[in-house]
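Student: here is the input, now give the coordinates:
(chains A, B, C and D)
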2 protein chains.
Amino acid sequence: MPKKTKQKPYHHGDLYETLVKAGTDILKDDGLEKFTLRECARRAGVSHAAPKNHFASVEDLLSEIAARGFDQFVAELDAAADAAPSQSPDDRLIAMGRAYVAFARANPAIYLMMFRHAQPFDKSEHLQKASHGAWVQLEQAVAAVLGPGRPDVNTRAAHVWALVHGIASLIIDRRLHPSIDPGIVIATSLSSLPAAIRGLGPQ
Amino acid sequence: MPKKTKQKPYHHGDLYETLVKAGTDILKDDGLEKFTLRECARRAGVSHAAPKNHFASVEDLLSEIAARGFDQFVAELDAAADAAPSQSPDDRLIAMGRAYVAFARANPAIYLMMFRHAQPFDKSEHLQKASHGAWVQLEQAVAAVLGPGRPDVNTRAAHVWALVHGIASLIIDRRLHPSIDPGIVIATSLSSLPAAIRGLGPQ
DNA sequence: TATCAATTTTGACACTGTCAATTTTTTGTG
DNA sequence: CACAAAAAATTGACAGTGTCAAAATTGATA
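Tutor: Now for the predicted structure:
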């Protein structure tokens, strides 16, 4: 019986994947401030310069982690929309908004990489495609809420994005006063969103 | 005639103020990634360890810069509200929202320090007071829009904050597709805001 | 003037990302 | 199988960072 389903082509085996996993673990467990290329190498059991063969720079590793974050993010939002009780466009959008903030709260450091880190997006094709997929997903949900014949889908989608991005950012950066319940802010802000982007009344 | 209105009590004179100014200049001219305690010292013309006497750590200097950012921020939002044409609560709030995003776009690195940087807020009293003042300013503007007898002012204020914070963040982090005009997103999103937080119709 | 405290400098330490040179291992081919 | 070529990993170095301790310098004060 083979020891591993994945063959070990070279010395370490899957150093690329191991580094991605190590970096993801650091971000999840200790946050961005503890993220270090040398620490990733340490956890992978290789020398400090070994990552150079797989990632030209620390930003490249972070880009790959962010790209995978987007893949998971899109899947979770899709699942949340499909799990919405009423399946109306409004409720699907609200469910996605809830899932958006939930993802950010569950993975704050990775969310930071995905949506706020200053990085050259042109470099990683994976990151470019994955983030574009998230935008398309949002635009479709917003288009469904607005109905046909609306030329301002992208502007309204940006509005929706800004609101959930703002809520998520304030929460994970601990900027809201402790007396404010994040859950209530999320619920009330999201409930007013479909009407707000339609430019009509609440119901 | 005295050479300086401000007396020079010790060797350098006003190293505290000089460091704050140097740090602010770096943030404005080159961004956070170029901000370094040693570079601040260099610009102030002192040795690399001299700042230690005035700021226990690099975070302390950043906190003071953020606090002064809040002071200017509050003043600009007040001025914008007072300069609004109609002076209705709705228009005052919208004017403040516009000024909020404008401040972030004009001072992205300082905005980052004020609203997103992970720092121990308990340390600097100046920062604590200044940021609290900004929150009070927002709550009052939102209370005026909601009218009397609304117990949910703080939740709605958080809603407003999240929207403008989200817009500002997406813009300064260059997350919006180039085809989207930030000005239109700002205008349309803000115009729907008063009605959205009232939970009533648009007008 | 002499002492003392505040301020600054100097030098060091551990840490980081990145690079060049070297060594080790795997692959491919004659 | 042998052996060259390529890939991967190690070693060692460099410049840079924040922070700290010890020493030196300067202003105030008595």
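
Student: give me the element A:Ala66 is part of.
Tutor: Using DSSP states H and E, the element containing A:Ala66 is helix A:58-82.

Student: and that helix, what's buried?
Tutor: For helix A:58-82, a neighbour-count test (16 or more other C-beta atoms under 10 Å in any protein chain shown) marks A:59-70, A:73-74, A:76-77, A:80-81 as buried. Every C-beta, even on glycine, is put in place using the N, C-alpha and C of the backbone.

Student: give me the distance from the next helix-or-strand element following that helix to the chain's centre.
Tutor: Moving toward the C-terminus from helix A:58-82, the next helix or strand (DSSP H and E) is helix A:89-106. Centroid separation for helix A:89-106 versus its chain: 12 Å, with C-alpha atoms, centre = their mean, to the nearest Å.

Student: returning to that earlier point: what angle sits between the helix holding A:Ala66 and helix A:89-106?
Tutor: Computed by axes from the mean of the first three to the mean of the last three C-alpha atoms, to 10 degrees, the angle separating helix A:58-82 from helix A:89-106 equals 140 degrees.

Student: hmm, who's touching helix A:58-82?
Tutor: Applying C-beta atoms under 8 Å, 6 or more residues apart in numbering or on different chains, the contact partners of helix A:58-82 are A:19-20, A:23-24, A:27, A:35-37, A:40, A:51, A:55, A:92-93, A:95-96, A:98-100, A:102-103, A:107, A:110-111, A:113-114, A:117, A:119-120, A:123-124, A:126-127, A:129-131, A:133-134, A:137, A:141.

Student: tell me, which of the residues you listed make contact with DNA strand D?
Tutor: Taking C-beta under 7 Å from any atom of the strand as the test, DNA strand D is in contact with none of these.

Student: same question for the helix or strand harbouring A:Ala196, mean pLDDT?
Tutor: Using DSSP H and E, the element containing A:Ala196 is helix A:193-198. Averaging pLDDT along helix A:193-198 yields 96.

Student: extract the C-alpha trace of it and format it as PDB.
Tutor: C-alpha atoms of helix A:193-198 as PDB (Å, rounded to 0.1, in the frame of the first residue of the first chain):
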ATOM      1  CA  LEU A 193     -31.000  47.100   2.300                       C
ATOM      2  CA  PRO A 194     -33.200  45.700  -0.500                       C
ATOM      3  CA  ALA A 195     -35.600  48.700  -0.200                       C
ATOM      4  CA  ALA A 196     -32.700  51.100   0.000                       C
ATOM      5  CA  ILE A 197     -31.100  49.900  -3.200                       C
ATOM      6  CA  ARG A 198     -34.400  49.800  -5.000                       C
END
